[in-house]
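Enquirer: Build the 3D model from these lines:
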Amino acid sequence: MVKSDIKQAIQTHFPIFDQLDLVEELAEKSQHMLIGKGVEILHENNYINAIPLVIKGMVKVSRIDESGREVFLYYITNGQSCAMTLTSFLRREKSKVRAVTMQETDIITIPVKVVYNINKKYPSWQHFIIETFSYRFDELIEVLENVAFFNMSERLIQHLLKRAKSQEKTFLEISHLEIAHDLATSREVISRILKQMEKKGLIKLFRNKIKLLEPLYDRKTIDM
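Expert: Model (predicted):
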């Protein structure tokens with residue numbers, strides 16, 4: 001992707017960058033990467049070398065707890081960056097999370113030495129950081145509410161709907177085990193609930209794939 005294409009991609013997917021000089025500097029000093037599915041682009045306990053801006057695709061952000069279990073945090077999709085990466089960068093500390101592409105993903109990476117400069121120069125970059133933190137904070141509150149007030153069936157439904165919205169598709173390539181890891185439960189529990197959902201006509205199950213059906217979007221029809 002040449003400079004003019006990177007500039008166009010930034011303007012299209014990150015309209016919050018409303019300062020032309022900022023867009024020009026990002027296009028000049030960033031690097032475009034097309035990354036395949038299943039690639040770990042950020043490792044825990046490594047220093048941050050670049051800030052990712054996702055143009056197209058999906059990245060799963062998680063961390064490993066003390067027992068070695070992976071804990072799902074959030075997805076990064078079109079027009080977003082990683083709040084935890086930005087936090088580690090600003091505090092100049094090692095990453096506390098890992099990030100893996102869930103599908104082929106277009107990413108623009110900005111070297112941290114460039115980010116230090118633009119963070120001081122451009123108000124719209126600072127606004128972008130605030131918006132990123134605010135969005136993830138709202139998402140965290142939603143997760144806490146789900147854990148506190150909803151049973152596993154409802155949490156699973158919310159998880160599938162959020163993933164479908166992030167990918168802008170209703171046919172999800174995801175295994176029962178992966179969902180179980182994301183929701184911190186067992187594969188058996190997830191499989192049982194998914195089979196119940198299939199019987200109710202909410203989803204269609206395939207091998208490592210789930211098709212979300214129209215009744216799933218009508219909240220009044222769901223009674224698990």
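Enquirer: Buried residues, the longest helix belonging to the chain. List them.
Expert: Ranked by number of residues, the top helix in the chain under DSSP state H is helix 123-149. Across helix 123-149, burial judged by 16 or more other CB atoms under 10 Å covers Ser124, Trp125, Phe128, Ile129, Thr132, Arg136, Val143, Asn146. The C-beta positions use only the backbone N, C-alpha and C, and glycine is treated the same way.
Enquirer: what about it, distance to the chain center?
Expert: 12 Å (CA atoms, centre = their mean, to the nearest Å).
Enquirer: Stretch 39-54 too?
Expert: 13 Å.
Enquirer: buried stuff in it?
Expert: Those would be Ile41, Leu42, Ile48, Ala50, Ile51, Pro52, Leu53, Val54, for stretch 39-54 by 16+ other CB under 10 Å.
Enquirer: In these, find the pair that's most separated.
Expert: Ile48 and Val54 (15.8 Å; CB to CB).
Enquirer: Go ahead and confirm Glu198 touches Ile210.
Expert: No - under the criterion of CB atoms under 8 Å, Glu198 makes no contact with Ile210, lying 9.0 Å away.
Enquirer: which residues are common contacts for those two?
Expert: Any residue near both Glu198 and Ile210 by CB atoms under 8 Å, 6 or more residues apart in numbering counts here, and that gives Lys204.
Enquirer: what about the two, which has more around it?
Expert: Each of Glu198 and Ile210 has its neighbours counted (other CB atoms under 10 Å); Ile210 has more, 23 against 15.
Enquirer: in its sheet, what does the helix or strand that contains that one sit against?
Expert: Using DSSP states H and E, Ile210 falls within strand 209-212. Strand 209-212 has its sheet partners listed here by DSSP bridges as strand 171-173 (antiparallel), strand 203-206 (antiparallel).
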